[in-house]
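Trainee: The sequence and its predicted three-dimensional model are supplied below.
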Amino acid sequence: RRKWRRVMNVLKELEEACGTHVTRLKQVVDAMSVEMHAGLASEGGSKLKMLLTFVDKLPNGSEKGLYYALDLGGTNFRVLRVQLGGTRSSIVRQDVERKPIPEHLMTSTSEELFDFIAASLKEFTDQENDENISDTSASGRELGFTFSFPMKQTSVTSGILMKWTKGFSIHDVVGNDVCEYLRRAMSRQGLDMHIAALVNDSVGTLALGHYNDEDTVAAVIIGTGTNACYFERADAIIKSQGLPTSSGGMVVNMEWGNFWSSHLPRTSYDIELDAESPNPNDQGFEKMISGMYLGEIVRRVILRMSSESDVFGPITPSLSKAFILRAPSMSTMHEDESPDLIEVARILEEVLGICDVPLKVRKLVVNICDVVTCRAARLAAAGIVGILKKIGRDGSSGVASSRAKGPSSSSNRLRRTVVAVEGGLYSNYRMFREYLNDAVAEILGEELAPYVILKVTEDGSGIGAALLAAAYSSSPETVDT
Ligand code: ADP
Ligand code: MG
């Protein structure tokens with residue numbers, strides 16, 4: 001039938017436009033590391049902001065005591081507490097409370113938002129008397145604050161908000177130090193706590209990764225949005241010459257969601273999605289990769305097929321609605337293992353209002369999900385290898401200097417390297433995770449791949465902030481001397 005052929009052409013075009021052959025991925029790897037260089041060379045030198053975090057040491061396991069954290073900027077707001085034993089991987093106890101941020105607070109006043117946060121923390125600590133949690137330190141309690149919005153930091157305990165994202169918009173905070181708002185709200189609540197570290201979610205994830213495994217050099221978030229950070233040598237941060245660091249290096253927050261390169265395989269769906277978004281020309285990498293956008297790309301493909309044929313029946317009002325198809329529904333369809341694809345049929349009906357499609361059309365939907373997810377996962381993999389290349393852990397520097405056969409070059413070449421990965425898309429979407437892991441191995445090649453390990457963390461964005469609060473706390477011993 002002609003109509004079916006037209007639909008297959010749309011699919012074929014999509015597959016070609018989303019092509020991520022390993023040669024193309026290697027171009028993306030190179031582009032990522034080049035852009036990282038440019039972003040470190042000068043302010044505004046790249047779409048990658050490469051923000052300084054002032055985190056110049058990562059938790060190593062020696063941290064001891066009770067620490068707190070707040071995590072703002074994900075789907076859920078979290079209040080956390082960890083009890084650290086003083087040796088590696090010895091979190092004696094951890095408690096996490098998750099709360100959605102009431103939507104009206106996202107656009108209300110700074111007082112209302114920060115009062116809600118401080119009140120949640122107060123409530124959390126007030127319960128401690130009932131739960132037998134003893135705070136052994138005599139000084140005020142130490143707090144890590146995960147604030148996952150782009151900010152310009154001048155120290156590990158201060159950061160100026162550059163702009164709100166993810167639906168938040170409270171004008172007076174922009175251009176000001178977010179820690180000041182939190183401090184004032186805590187004092188309104190009568191809370192005596194000291195903010196010891198202000199970080200974004202990827203930095204928290206790196207901190208937890210490093211606490212558990214000292215070979216962890218980078219962290220990647222792949223959830224609703226996507227971002228990455230890594231540990232960089234101070235002398236490579238050219239835009240801030242003479243940066244004083246205790247370790248000779250610092251964590252750099254890449255804000256990689258904004259990465260762009262002409263090598264990225266872009267389709268007409270991406271172009272339209274971007275043009276109709278509230279932030280056109282922004283977050284181009286994120287719009288191809290993260291959980292917020294994947295379902296929307298799939299919806300646009302199905303809509304296009306529907307406008308060229310009637311294999312999905314008449315175009316339903318739901319199918320015309322942006323962002324109605326979400327990543328969890330997409331993974332359920334993609335991973336549907338029932339012979340008749342009943343999950344696909346159910347979601348098409350419940351979410352998109354498309355009823356009674358024959359099996360071969362259901363298979364077509366699975367195919368679309370596969371193409372979109374495969375591209376996303378493989379591009380994220382190329383981004384990760386791009387970071388490894390920048391820090392000489394992708395084998396290329398080892399290869400270049402292998403003629404010298406120096407002991408350091410060969411050991412650097414085959415050095416165990418861990419990347420901490422967090423976020424609902426990676427941890428809950430098996431196909432995405434497998435495509436990503438496979439692509440990392442494919443790009444690195446079989447000799448090097450066994451040395452690069454991706455490790456999933458959970459609640460790392462928050463737990464890691466508590467660990468950093470410990471690492472940066474003004475502990476009694478150091479205060480007294
Ligand atoms: P956030 O990124 O908001 O901090 P998470 O890391 O928990 O929160 O990621 C949540 C995101 O992960 C969701 O918005 C969704 O895009 C994606 N996600 C969650 N569960 C699934 C799933 N089962 N399949 C695919 N994607 C999922
Ligand atoms: Mg998160």
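Mentor: Structure's in. What do you need? All of these numbers come straight from a predicted model, not from anything done at the bench. Ligands and ions are numbered 1, 2, ... in the order given.
Trainee: Residue 113 is in contact with residue 172, isn't it?
Mentor: No: using C-beta atoms under 8 Å, residue 113 is not in contact with residue 172; the gap is 10.7 Å. To be clear about C-beta, it is placed using only N, CA and C from the backbone, and glycine gets the same treatment.
Trainee: And residue 253, how far from ligand 1?
Mentor: In this view, residue 253 and ligand 1 are 15 Å apart by C-beta to the nearest ligand atom, to the nearest Å.
Trainee: quick one: contacts for that residue?
Mentor: 49-53, 200, 202-203, 227, 229 (C-beta atoms under 8 Å, 6 or more residues apart in numbering).
Trainee: Drop anything exposed from these.
Mentor: Among those, those scoring as buried are 49-53, 200, 202-203, 227, 229 (criterion: 16 or more other C-beta atoms under 10 Å).
Trainee: Report how many residues lie close to the closest residue to residue 64 other than its chain neighbours.
Mentor: Counting by C-beta to C-beta, 6 or more residues apart in numbering, residue 64 lies nearest to residue 86, which is 3.8 Å off, once chain neighbours are set aside. Using other C-beta atoms under 10 Å as the criterion, residue 86 is surrounded by 11 other residues.
Trainee: Out of residue 113 and residue 172, name the residue with the larger neighbour count.
Mentor: Neighbours of residue 113 and residue 172, each counted by other C-beta under 10 Å, are more numerous for residue 113; the result is 22 against 10.
Trainee: wait, what's in contact with that one?
Mentor: Taking C-beta under 8 Å, 6+ apart as the test, what residue 113 contacts is 101, 105-106, 170.
Trainee: Restricted to strands, list the residues you listed.
Mentor: Using DSSP state E, no member of the contacts of residue 113 falls in strands.
Trainee: Intersect those with the contacts of ligand 2.
Mentor: Among the contacts of residue 113, no residue lies close to ligand 2 (C-beta under 5 Å from the ion).
Trainee: Export those to JSON lines and append columns for neighbour count.
Mentor: Converted to JSON lines, these look like this (neighbours: other C-beta atoms under 10 Å):
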{"residue": "101", "neighbour count": "19"}
{"residue": "105", "neighbour count": "17"}
{"residue": "106", "neighbour count": "14"}
{"residue": "170", "neighbour count": "19"}
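Trainee: and of those, the nearest to ligand 2?
Mentor: Closest approach to ligand 2 among the contacts of residue 113 (C-beta to the ion): residue 101, at 12.6 Å.
Trainee: ok so, going back, taking the contacts of residue 253 together, which two end up most distant?
Mentor: 52 and 227 (15.1 Å; C-beta to C-beta).
Trainee: In this structure, what residue lies closest to ligand 2?
Mentor: For the chain, C-beta to the ion, closest residue to ligand 2: residue 74, 3.1 Å.
Trainee: And residue 171, how far from residue 159?
Mentor: Residue 171 sits 17 Å away from residue 159, going by C-beta to C-beta, to the nearest Å.
Trainee: higher neighbour count, these two?
Mentor: Counted by other C-beta under 10 Å, residue 171 and residue 159 do not tie: residue 159 has more neighbours, with 25 against 10.
Trainee: where along the protein do the strands fall?
Mentor: Secondary structure of the chain (DSSP E): strands at 51-52, 64-72, 76-85, 91-100, 141-147, 151-155, 158-161, 193-199, 216-222, 226-233, 249-253, 417-422, 452-456.
Trainee: now the angle from the last one to strand 216-222?
Mentor: Same thing as strand 452-456. 50 degrees (axes from the mean of the first three to the mean of the last three C-alpha atoms, to 10 degrees).
Trainee: what's the answer for the third one, then?
Mentor: The directions of strand 76-85 and strand 216-222 differ by 160 degrees, with the same axes, to 10 degrees as the criterion.
Trainee: Next: the fourth one.
Mentor: Direction vectors for strand 91-100 and strand 216-222, defined by the same axes, to 10 degrees, enclose an angle of 20 degrees.
Trainee: how distant is strand 91-100 from the center of its chain?
Mentor: 20 Å (C-alpha atoms, centre = their mean, to the nearest Å).
Trainee: next one: stretch 268-286
Mentor: The chain centroid and the centroid of stretch 268-286 are separated by 18 Å under C-alpha atoms, centre = their mean.
Trainee: cool, stretch 337-346 as well?
Mentor: Worked out by C-alpha atoms, centre = their mean, stretch 337-346 lies 31 Å from the chain centre.
Trainee: Could I get the CA-only coordinates of that stretch as PDB?
Mentor: Extracted in PDB, the C-alpha atoms of stretch 337-346 (Å, rounded to 0.1, in the frame of the first residue of the first chain):
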ATOM      1  CA  GLU A 337       7.900  -7.800  25.700                       C
ATOM      2  CA  SER A 338       4.400  -9.000  25.300                       C
ATOM      3  CA  PRO A 339       3.800 -10.800  21.900                       C
ATOM      4  CA  ASP A 340       0.900  -8.400  21.000                       C
ATOM      5  CA  LEU A 341       2.600  -5.300  22.400                       C
ATOM      6  CA  ILE A 342      -0.300  -4.700  24.700                       C
ATOM      7  CA  GLU A 343       1.600  -2.000  26.600                       C
ATOM      8  CA  VAL A 344       2.200  -0.100  23.400                       C
ATOM      9  CA  ALA A 345      -1.500  -0.300  22.600                       C
ATOM     10  CA  ARG A 346      -2.400   0.800  26.100                       C
END
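Trainee: follow-up on the earlier one: dump the strands of the chain to a markdown table, plus mean pLDDT.
Mentor: Formatted as a markdown table, the strands of the chain follow (pLDDT from 0 to 100):
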| stretch | mean pLDDT |
| --- | --- |
| strand 51-52 | 96 |
| strand 64-72 | 96 |
| strand 76-85 | 94 |
| strand 91-100 | 91 |
| strand 141-147 | 96 |
| strand 151-155 | 95 |
| strand 158-161 | 97 |
| strand 193-199 | 97 |
| strand 216-222 | 98 |
| strand 226-233 | 97 |
| strand 249-253 | 98 |
| strand 417-422 | 98 |
| strand 452-456 | 98 |
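Trainee: hey, which of these is tucked in deepest?
Mentor: strand 216-222 (a mean of 27; mean count of other C-beta atoms under 10 Å).
Trainee: List the contacts of it.
Mentor: Here strand 216-222 has contacts from 58, 201-203, 205-206, 209-210, 226-231, 289-291, 380, 383-384, 387-388, 391, 393, 417-423, 425-426, 432, 436, 455, 457, 460-461, using C-beta under 8 Å, 6+ apart.
Trainee: Quick check: residue 126 vs residue 119, distance?
Mentor: Residue 126 sits 10 Å away from residue 119, going by C-beta to C-beta.
Trainee: Between the two, which is the more surrounded one?
Mentor: When residue 126 is set against residue 119 and neighbours are counted by other C-beta under 10 Å, the residue ahead is residue 119, at 15 against 10.
Trainee: May I have the residues that are in contact with the more buried one?
Mentor: Residue 119 touches residue 189, counting by C-beta under 8 Å, 6+ apart.
Trainee: same check, this time on residue 175
Mentor: Counting by C-beta under 8 Å, 6+ apart, residue 175 has contacts 160-161.
Trainee: can we see that at 10 Å?
Mentor: Residue 175 makes contact with 152, 160-163 under the criterion C-beta atoms under 10 Å, 6 or more residues apart in numbering.
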